[in-house]
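In: Test case, fold it:
(4 chains)
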Number of protein chains: 2
Amino acid sequence: MSVVDVAARAGVSLGTVSNVLNRPDRVAPATRDRVMQAIRELGFVRNEAARQLRAGRSRTIGLVVLDVGNPFFTDLAKGVETTAGKSGLSVILCNSNDDDDREQHYLSLLQEQRAFGILITPVGKVTAAMEAIRRSGTPVVLVDRGSTRRQCSVSVNDRYGGELAVAHLISQGHKRIGFVGGPMSINQVSERLAGAHAAMRSADLAEDSLVVIETPRLDVASGRATGDELAALPARRRPTAVFCANDLLALGLLQDTIRRQKSVPGDLAIVGYDDIDFAAASAVPLTSVRQPRAQLGQAAMELLLEEASLADGHQHRQIVFEPELVVRESTTG
Amino acid sequence: MSVVDVAARAGVSLGTVSNVLNRPDRVAPATRDRVMQAIRELGFVRNEAARQLRAGRSRTIGLVVLDVGNPFFTDLAKGVETTAGKSGLSVILCNSNDDDDREQHYLSLLQEQRAFGILITPVGKVTAAMEAIRRSGTPVVLVDRGSTRRQCSVSVNDRYGGELAVAHLISQGHKRIGFVGGPMSINQVSERLAGAHAAMRSADLAEDSLVVIETPRLDVASGRATGDELAALPARRRPTAVFCANDLLALGLLQDTIRRQKSVPGDLAIVGYDDIDFAAASAVPLTSVRQPRAQLGQAAMELLLEEASLADGHQHRQIVFEPELVVRESTTG
DNA sequence: AAAATTTGCTGAAACCTTTCACTTCTGATC
DNA sequence: GATCAGAAGTGAAAGGTTTCAGCAAATTTT
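Out: From the prediction side, this is the model:
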């Protein structure tokens, strides 16, 4: 069943049916009603595949994130989705799960679907595949990740965020500080670590006073596992405070620390990153570095739309938000 | 650029290119290599829209959930996605946000895209739109929601879960118990409430010993707001324990209770529902009713595939999982 | 009244893939 | 040497939408 059937039933040409669907104002009201009636009677539903084929591009944008299980990304996704919806675009949420292959897989998929555009938080570097997609005319905006002039991006100053977190710990009197996060191939992680180092230097603390514990992933389970590593350290090397690269890690570590009957922040102060909703509701409310999640999504989507509309004369832009430290009990007993 | 260009470059017919793409074994190795080479040289990417148009249905399934911000649903989504991936299907995650209109919107969208199938946790009743989609030949499986014989569904016994939760509170000596959840139009909520009532009856407690507080949504903010309502109750009416219809509510309420300097479970015992990862990491580790989230997703996807393959002779099935009570400190000081 | 413009509608062409009936060729069998 | 079977490849048709040049009628302008 197709526009042809609708046209037959309404006694008009198929071109007119298409006009009713896409430019109703160009059709005489009487005709329009007749067509609408036929559509209703036949239960006609537009075939999006045919539309796309004809149009050459779809009305779907792909949002590729590192972890849908992380509330940071779902909040970001909400911002994207709301903004996209206003332009009649839908969002397909893809979970790369920190995995290069999955990322690659989703990129191919989006390319085959002739996605309207792609928002991506890359697992590692910006790959050749991404470059190729961009060159083929599909707008690509980097999310939660800075970029060079040759690409649009929306990010939060991760280095500064790391600095904020560690400077705060230092101001609380800590001198041996741990950094928990990984893999280092994730840009956000290495930037936050760089910020941590910078804060140490500013306070004239020795390089090796920052104990770096690399985790395989940025999730709650990895955070819990970190408890063992910390406990295994000789007391004089063991940090009195840690900065976790995200809240999931921090919550996991917090949970494990309490399980070991240690006090937070007494025995170990903890700072997280992202300030997800659960951070405030945790065993000990978590000090965290807040990022404007929804705004980030909105800004990214707006950049994408801008790039899509000004196809040629588009000037790539890099938007950088500033993070904010939210102090709670996990660092101030 | 299309198969035609590839064919021209490789010096074969377009039918052969298609064969290389879809049934490589039917093409002589030499020819196959030549075609592959041409594909690489031209950077050819299959047009999914054209495939779909030809095939009549897409390779995408829609998963419509009530709240992507709820880890329960993202865990469920992971189960769905993994299982779908094995059959070469992709998943588009749609967030109805407890809103009828949004649900309707997404259903239309999926219908226009000729989705391979739909997994949905309906906001309210099973609507005429859903029926229509099913009749049009698209498999629809209800998720986290039971159904009649006329439809496939995968659910968890919510009534029993409610019973477990409240029976546990009663066993801890509580006699005035609160139920927090809403809106009641959400099936899971009313079922869990029904279970709560059943538990009260079994213990010979009066009907009005169960104080029902209806919330507008099932999120952390609504949970926090419930603190006010509880505080406003006269002491002799105020429950000593509450059962929250999900963990987000429970975490919100927990947070607010602690803010008021009350003790959990001393002044108020709290049971949640879902046992999301954050439940164990909260201020006071939360007693909760665990649901097999990933399994739920997997089972739903399998039912969908079954329904899709046996189009005609398909016998609708209803799978019901049993929930499990996980006791933690929020109910056992 | 004639000319010009606007309005309303038509229908063929294009978008790209897959399928399938068909042809051609190679090698084997009797 | 004729017949047959199988392998390899061909190319037209179908699938549903949108666009656009073009046509006829109605309306306005000269």
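In: pretty sure residue A:61 contacts residue A:84?
Out: Yes - taking contacts as C-beta atoms under 8 Å, residue A:61 lies within contact range of residue A:84: 5.9 Å. Where C-beta positions appear, they are placed from N, C-alpha and C, glycine not excepted.
In: what touches both of these two?
Out: Common contact partners of residue A:61 and residue A:84 (C-beta atoms under 8 Å, 6 or more residues apart in numbering or on different chains): A:90-91, A:301.
In: Tell me which of those residues fall in helices.
Out: If you go by DSSP state H, those have residue A:301 in helices.
In: which one among the shared contacts of residue A:61 and residue A:84 gets closest to DNA strand D?
Out: Nearest to DNA strand D, judged by C-beta to the nearest atom of the strand, of the shared contacts of residue A:61 and residue A:84 is residue A:90 at 15.4 Å.
In: Report the contact partners of the residue nearest to that closest one when sequence neighbours are not counted.
Out: With sequence-adjacent residues excluded and distances taken as C-beta to C-beta, 6 or more residues apart in numbering or on different chains, residue A:90 is closest to residue A:60, at 5.2 Å. Neighbouring residues of residue A:60 by C-beta under 8 Å, 6+ apart: A:89-92, A:113, A:115-116.
In: Turn these into TSV, columns for pLDDT, neighbour count and distance to DNA strand C.
Out: Below are the contacts of residue A:60 laid out as TSV (pLDDT from 0 to 100; neighbours: other C-beta atoms under 10 Å in any protein chain shown; distance: C-beta to the nearest atom of the strand, whole Å):
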residue	pLDDT	neighbour count	distance to DNA strand C
A:89	93	21	21
A:90	92	20	21
A:91	93	25	24
A:92	93	21	20
A:113	95	24	12
A:115	96	24	15
A:116	96	24	16
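In: Can you flag which of those belong to strands?
Out: A:90-92 (DSSP state E).
In: Low-confidence ranges, the stretch 1-150 of chain A, go.
Out: Scanning the stretch 1-150 of chain A for pLDDT under 70 picks out nothing.
In: How about the residues of it by DNA strand D?
Out: A:1-4, A:14-15, A:17-19, A:21-22, A:44, A:46-47, A:50-51, A:53-55 (C-beta under 7 Å from any atom of the strand).
In: One more pass at 10 Å, please.
Out: A:1-7, A:13-23, A:26, A:39, A:44-56 (C-beta under 10 Å from any atom of the strand).
In: Mind checking which of the residues you listed are in helices?
Out: Counting by DSSP H, the part of these found in helices is A:3-7, A:14-22, A:39, A:48-55.
In: Write out the residues of chain A neighbouring DNA strand C.
Out: A:3-4, A:7, A:10-20, A:23, A:25-32, A:34-35, A:49-56, A:112, A:114.
In: give the contact list for residue A:102.
Out: Residue A:102 neighbours (C-beta under 8 Å, 6+ apart): A:95-96.
In: coming back round to it: near chain B, which of the residues of chain A next to DNA strand C show up?
Out: Among the residues of chain A next to DNA strand C, the ones lying near chain B by C-beta under 8 Å from any C-beta of the partner chain are A:49-50, A:52-53, A:112, A:114.
In: Now a PyMOL select for only the buried ones of these.
Out: PyMOL command restricting those to the buried ones, with burial defined by 16 or more other C-beta atoms under 10 Å in any protein chain shown:
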select buried, chain A and resi 49+50+52+53+114
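In: quick one: which of the ones next to chain B among the residues of chain A next to DNA strand C is nearest DNA strand D?
Out: Among those, and counting by C-beta to the nearest atom of the strand, the member closest to DNA strand D is residue A:50, at 3.3 Å.
In: Grab the nearest non-local neighbour of the closest one.
Out: Per C-beta to C-beta, 6+ apart, closest to residue A:50 is residue B:53, 5.3 Å.
In: Just give me the neighbour total for the residue in chain A that DNA strand C sits nearest to.
Out: Residue nearest to DNA strand C within chain A: residue A:15 (2.4 Å; C-beta to the nearest atom of the strand). The number of residues packed near residue A:15 is 10, by other C-beta atoms under 10 Å in any protein chain shown.
In: got the contact list for the residue nearest the centre of chain A?
Out: By C-alpha atoms, centre = their mean, chain A has its centre lying nearest to residue A:73, at 4.5 Å. Counting by C-beta under 8 Å, 6+ apart, residue A:73 touches A:65-67, A:121.
In: Say whether chain B is contacted by whichever strand or helix holds residue A:142.
Out: Residue A:142 belongs to strand A:140-143 when assigned by DSSP states H and E. No - applying C-beta under 8 Å from any C-beta, one finds strand A:140-143 out of contact with chain B, separated by at least 15.0 Å.
In: in its sheet, what does that strand sit against?
Out: Take DSSP bridges as the rule and strand A:140-143 pairs in its sheet with strand A:117-120 (parallel), strand A:152-156 (parallel).
In: What lies in contact with the first one?
Out: Among residues not part of strand A:117-120, those counted as contacts by C-beta under 8 Å, 6+ apart are A:61-64, A:80, A:103, A:107, A:110, A:130, A:133, A:138-143, A:300-301, A:304-305, A:307-308.
In: try it again with 6 Å
Out: Strand A:117-120 is touched from outside by A:61-64, A:110, A:139-141, A:143, A:300, A:304, A:308, with contacts defined as C-beta atoms under 6 Å, 6 or more residues apart in numbering or on different chains.
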